[in-house]
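1. quick one: sequence and predicted model below, then my questions.
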Amino acid sequence: MRRFLLKRVASALITLWLLATIVFLIVNVLPGDVGRKILGPFAPKEEVAAFNHRLGTDRPLLAQYFTSIRRVFTLDFGNSFQSGQDVKSIIFSALFRSGKLALLAFVITIPISIAAGIFAARRQDKLADRVVVNVGLASSSIPEFVTAAVLLSIFCVHWKLGKVFANPPPGTSVIGQLEYLLVPAMAMVIAYFGYIARMTRAGVIGALQSDYARTATMKGLSDNQVMRRHILRNALGPTITVISVQIGYLFGGIIGVEKVFNYAGLGSTMLTAVGAKDIPVLQGAVLLVGIVYMLSTLAADLLIAYLNPRVRLETAR
Amino acid sequence: MNFSRLNQARRGVGPLENELIDDYVAGSISRRTFVTRGSVLGLGVAFMGTIIAACGSDKAAAPAGTTAPGGTTAPGGTTPAGGTTAMTSKIKQGGTLRIASQKPGSPLDPVAMDNLGSYTPVTQSFEYLCGKGTAASLAPALAESWSPNADGSVWTFKLRKGVKWHDGKPFTAADVTATLDRLAGANLKAYIKAGSAKATDDATVEVTLNKPDGQFPYQVSLYNPQSLITPADYVVGTTLDKRPAGTGPFKLTKFDVATGATFEANADWWGGKPYLDKLEFIFSDDIATQISGLQGQAADAIVQFSVVGGDALLADPNITVESIRGAAHRQIWMNTREGTFMDVKVRQAIALGLDRQALIDTVLKGKGDLGNDHPVAPVYEYWDSKQPQRTRDVAKAKSLLKDAGKEGLKITMYAPKLQEIPQLAELVQTQLKEIGVEITLNIESTSTFYDEWCKTYDPICDGGKEFGIVDYGNRGTPDVYLVKAYTTGEWNSAHYKSDTFNAAVAKYQASLDTPSRATAMVDVQKIASEDVPYAIPYFYNSLTAHAKNVSGVVVSGLGHFECGKAGFTA
Amino acid sequence: MSEPTSHDEVTEPTTLAFAAASEVPEPAGGVDAVIGGQPVSERKQARRENWRLIRRRPSFIIGTLIVTVWGVCALLGDRITPHSPLDYRSTPHLSPRGDFPFGTDATGRDVLSRVMAGARDVLKIAPLAAVLGVLFGVVIGMLMGYIGGWFDLGMSRIVEAFLALPVVLIALLAITTLGSSDWVVIGVVAVLFTPVVARTVRSSVLSERSLDYVTSANLRGEKRSFIMFREILPNVMGPIIVELTVRVGYAVFTVATLSFLGAGPPPPSPDWGAQVSDGYRVLGAGIWWTTFFPAAAIASLVIAVNLIADSVQSVLEAS
């Protein structure tokens, strides 16, 4: 187990370094001159040069590269070009917000979709199964930004049940925040429901057909006992992997929903940073998403290992 | 005509003012023009009212807009409300105004800020010497009055007394001279040098200009957004959130660039205690979200929106849309120096191919003024209204293209993805198809667009694209457009160069009164229209919107959203 | 089919997903579903049989029908649209009615015509991006799985790093950098899909490697390239075909999201994502048709592709 963990951590560190390198490469091919972009098209040349010097963007690329790698491991990304604020505080508060939204979405999605998946698997190829499969397929085929925009105009503008601006004012109680976050979270729930439900269904069907399930049934265990003791443990593995992978995505990729609801999460922070060529924020945010992604896949692996002891015996590839 | 009253009134003012009065008395300018120009020269409203009354041209003793919100006399004897919300009598005390506004694109630095998202919050705390009056005119703000010397080379600003900074220190002439010294090296480089501004006493500042300028107060007004007055001990680069200072009606209490800002009322404001207790800014880069927010009652006001995408607001009975006429416009530039558009006939053909009214109707839903291929908007009192309006003439356009040997012209048009510009570009594409011009559109993100628009920045706009659409915001005078886009070349994407035009502009700028400006403008408009370096299809109104129960907000169309006299109606 | 990113090595709810599930050793019921090593003629026959089974599935028929309709729209474009998708103007924002079944948009264009013509943009970009992505992915994945060792280890880390990137954002960045031409979008989406595919293929190859037919080929002294592409490749074709169909769906999704975020083809292109992006601003005013129809078009195409993918998958799995 320790060997397994150590290996995972070591490979995560290497991945992090590679990630930082990729980000550095991408960011440095962005068009335009940073100082020019920030000071605007009409600032005199000298001012732009002085500004670039102050930011350090006029140093040799290699020197900038080492700085940026050091920054990844010290989590110090300097100050935002755009607002002058400390990047760490910007991205961590954005992460916190995205985290809240994602958590709410998951708390709703996971039980519903796993239950639906099991329900469908046990009625494989019957009407109920087809309904779950097709509703799931359809719901996850609609892009989140469409779902978000529709929910916004129905629930927040028309019926005024939710808030158009999803950022709760500071000091809002946890329950109070639900009013702000529920509708955007629903957009995500709709997008992920089908995905996780279908995943669970497939896992359960696979497990139901396996030898051990048949053996257990032959031993005289009831369906429910088989489901709880044997099938779920095995079938949830891939589902957990999907979820962990989605966590990484949720933190970084939920741009559409955040944009529509004006939610100051990591996605919209990055979107703004792309437009403004705010490199420190961009670097910090992308790396943060990477770290979260890696942590969540690691957690998922550990969780699977816990659920399914056979996995523990093998070492990571 | 009551000459004794007139003469009595004249005694207290200088030659520029008297020329203006002469013009008005002689009937060569309208009352509206008189009031507007008078405000620039620093004539008090009461004074102008006296003149108007003495002339007896109208029963109303004072120009429109003299009555302040709440029916009381506003500071300085005029209303800071630039004719925005009229029915202001029932404003009640208290409440929080939630304003959805663009995310600040730069730190809240009163000197270095460069975009609407920053102007709106910063100007809640910091103020200008001259504020917004009706139409394009000025109203007293930190300066109670101002006046030029005989040739407009020295301007004297009388400062408002009893004004306090948010930290309790008194506001004095020293703060103004320090601010102007700072601006002399930056924003006002063309107008003053360090040391040009001298405090003659605690409440008087005398500014000696590099060269005479009859419209200098515009440079220290909200039309030059970076000319905010900051404390004498202000350090360049200090942002409002690091040091919440100012003289304005609201003090910053909280700021988070990702989500918003909160301001609380400054009970000691010189304009009196604001009706509102608090302002809450909700930052959003997506206009659609802001609009939904206003409709969903998550916000009470949005600072600016365009008709495209704003249909929802125009139709909403619970929402008031303020439409502010101004000089903001779009320029369709054509490179006059080389390439396709060197021949003026081609440029004229393009201009003749445009159906301007259709553009205004579709893209602006009628909220704009016709453009005539020059940047002098009808809101300027020296605008030459007699110039014939260019209208669509497909046959003539085609024959011009034929003469120039450019039949079947194919060209790429560049434009930024900004407000209504993409739709404008699409319609221009369709309209010009009828004169046989095939346009390929290249609509780019604003950042990419401006990177490419004028490739080299100084001294001349060079290496940019030959054909495209670029935006110009509202200004109190057309000088910026005329100088930067047409003469000096800093933003001269058309590479336009014409000595006769430059002479006409110089004549306009040297004019110290409205009639001579109007005379000079005749040529400016005519030459610009004939040479068409830029086709200018319309001047669009700046739109702002708020809930029906909000009243008293002053907007400039530049991003100012003054709430000192705003509040909720009962 | 929710996410337009590549964080989806577990792409679809099948046993394939098990094989693809990252570092997680497969739980029961895993890779043994992959087609074993039969002789070539048997393989051909099996393939024909599979194809017959696929064609008979209703989900395949429905999916193909929808894709065909969009394909026809894309091919014929403004030759079959009721009005010109670009130039025709009527009154802006007319609600759906007889002459404009889908209503008109903000500048008075016919939404139906634009939705029909919009099929071209997406069908030009998405399948090509998916094919390229799968192609790169297969080559890299095969090499990783077959060569193994340090190469595999190194590439795995790079793949992992790519998977941790927020894809839509990186695509957006790249498109801002390189400009938004069709080829840039195709290239960017393909590159971002590559690691995901590589990972799936690698897992399949790994499980094939230990099988008898590979061992015997090794013993026969066959060349590595021969073993890789002539022996292993045909046997992992199943997962690859599934991956391809799934990727097409994702590509449609990703391309739509990119244009929603402003990196799509420039106006006046009738691109679906861009139409939604313009339209959703006025949803609040009750103008739903400028958003609904292009959005429904996106969803129908994604669903159709998924239906096809589903049937391909279930048949290949069962065989």
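-> Thanks, I have it.
2. going forward, measure contacts between C-alpha atoms and count neighbours the same way
-> Will do.
3. point out the residues in the stretch 201-319 of chain C that sit beside chain A.
-> The stretch 201-319 of chain C comes close to chain A at residues C:253, C:257, C:260-261, C:276, C:280, C:283-284, C:295-296, C:298-300, C:302-303, C:306, as judged by C-alpha under 8 Å from any C-alpha of the partner chain.
4. looking at the stretch 51-200 of chain B, which residue is nearest chain A?
-> Per C-alpha to the nearest C-alpha, residue B:107 is where the stretch 51-200 of chain B lies closest to chain A, at 4.6 Å.
5. and for the closest residue to chain B within the stretch 1-150 of chain C, the neighbour number?
-> With C-alpha to the nearest C-alpha as the measure, residue C:87 is the residue of the stretch 1-150 of chain C nearest to chain B, at 5.7 Å. For residue C:87, the tally of surrounding residues (other C-alpha atoms under 10 Å in any protein chain shown) stands at 18.
6. I'd say it and residue C:109 touch.
-> Yes - judged on C-alpha atoms under 8 Å, residue C:87 makes contact with residue C:109 at a distance of 7.4 Å.
7. where's the closest residue to residue B:540 other than its chain neighbours relative to residue B:387, distance?
-> Once flanking residues are discounted, residue B:540 sits nearest to residue B:368: 4.1 Å by C-alpha to C-alpha, 6 or more residues apart in numbering or on different chains. For residue B:368, the distance to residue B:387 equals 18 Å [C-alpha to C-alpha, to the nearest Å].
8. and those two? Which one has more around it.
-> With neighbours defined as other C-alpha under 10 Å, residue B:368 and residue B:387 compare such that residue B:368 has more, 24 against 13.
9. quick check, the more buried one in contact with residue B:379.
-> No - between residue B:368 and residue B:379 there is no contact under C-alpha under 8 Å: 11.1 Å.
10. joint contacts of these two?
-> Common contact partners of residue B:368 and residue B:379 (C-alpha atoms under 8 Å, 6 or more residues apart in numbering or on different chains): residue B:325.
11. ok, now which ones touch residue A:78?
-> With C-alpha under 8 Å, 6+ apart, residue A:78 has these contacts: A:86-88, A:280.
12. recalculate using a threshold of 10 Å.
-> By C-alpha atoms under 10 Å, 6 or more residues apart in numbering or on different chains, the contact set of residue A:78 is A:55, A:68, A:71, A:84-88, A:280-281, A:284.
13. closest to chain B among those?
-> Using C-alpha to the nearest C-alpha, the contacts of residue A:78 come closest to chain B at residue A:84, 6.4 Å.
14. so what does that closest one have for phi and psi?
-> When read as degrees, to the nearest 10, the backbone of residue A:84 gives phi 80, psi 0.
15. around it, how many other residues sit close by?
-> Residue A:84, neighbours per other C-alpha under 10 Å, totals 14.
16. not counting sequence-adjacent ones, nearest residue to it?
-> residue B:107 (6.4 Å).
17. cool, and residue C:100?
-> residue C:110 (6.4 Å).
18. now do the contacts for the one you found.
-> For residue C:110, the contacting residues are C:81-94, C:96, C:99-104, C:290, by C-alpha under 10 Å, 6+ apart.
19. so of those residues, which ones are in strands?
-> Per DSSP state E, strands hold no members of these.
20. and stretch B:131-147, how far from the chain's centre?
-> Chain-centre distance of stretch B:131-147: 13 Å, with C-alpha atoms, centre = their mean, to the nearest Å.
21. can you give me the end-to-end span of it?
-> 15 Å.
22. what mean pLDDT does stretch B:430-440 get?
-> In this model, stretch B:430-440 has an average pLDDT of 93.
23. in that stretch, what's buried?
-> Within stretch B:430-440, the residues scored as buried using 16 or more other C-alpha atoms under 10 Å in any protein chain shown are B:430-433, B:435-440.
24. so who does the residue in the stretch 51-200 of chain A that chain B sits nearest to touch?
-> Per C-alpha to the nearest C-alpha, residue A:157 is where the stretch 51-200 of chain A lies closest to chain B, at 4.1 Å. If you count contacts by C-alpha under 10 Å, 6+ apart, residue A:157 has them with A:151, A:163-164, B:291-298, C:283-285.
25. quick check, it in a strand?
-> No - read with DSSP: H, G, I helix; E, B strand; the rest coil, residue A:157 is helix and lies in no strand.
26. how near is the residue in the stretch 201-350 of chain B that chain C sits nearest to to chain A?
-> Across the stretch 201-350 of chain B, the shortest distance to chain C (C-alpha to the nearest C-alpha) belongs to residue B:312, at 4.1 Å. Distance of residue B:312 to chain A, computed by C-alpha to the nearest C-alpha, to the nearest Å: 11 Å.
27. state the mean pLDDT of stretch B:175-193.
-> Across stretch B:175-193, the average pLDDT comes to 89.
28. just the CA trace of it, in CSV.
-> Provided in CSV are the C-alpha atoms of stretch B:175-193 (Å, rounded to 0.1, in the frame of the first residue of the first chain):
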residue,chain,number,x,y,z
ASP,B,175,-4.8,69.0,-4.2
VAL,B,176,-5.8,70.4,-7.6
THR,B,177,-2.4,71.7,-8.5
ALA,B,178,-0.8,68.4,-7.4
THR,B,179,-3.2,66.5,-9.6
LEU,B,180,-2.7,68.7,-12.6
ASP,B,181,1.1,68.5,-12.2
ARG,B,182,0.7,64.7,-12.2
LEU,B,183,-1.5,64.8,-15.3
ALA,B,184,0.9,67.2,-17.0
GLY,B,185,3.3,64.3,-17.5
ALA,B,186,0.5,61.9,-18.7
ASN,B,187,-3.0,62.5,-19.8
LEU,B,188,-2.8,66.3,-20.2
LYS,B,189,0.7,66.4,-21.8
ALA,B,190,-0.6,68.2,-24.8
TYR,B,191,-2.2,70.9,-22.7
ILE,B,192,-0.1,71.8,-19.7
LYS,B,193,3.3,71.4,-18.2
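29. how distant is that stretch from the center of its chain?
-> Averaging C-alpha positions (C-alpha atoms, centre = their mean) puts stretch B:175-193 20 Å from its chain's average.
30. got the buried residues for that stretch?
-> Quick answer for stretch B:175-193 (16+ other C-alpha under 10 Å): B:175-184, B:186-188, B:191-193.
31. can you tell me which helix in chain B is longest?
-> For chain B, the helix with the greatest residue count under DSSP state H is helix B:514-531.
32. contacts only, for the residue nearest to residue B:540.
-> Counted by C-alpha under 10 Å, 6+ apart, residue B:368 has contacts B:323-329, B:357, B:359-361, B:538-542.
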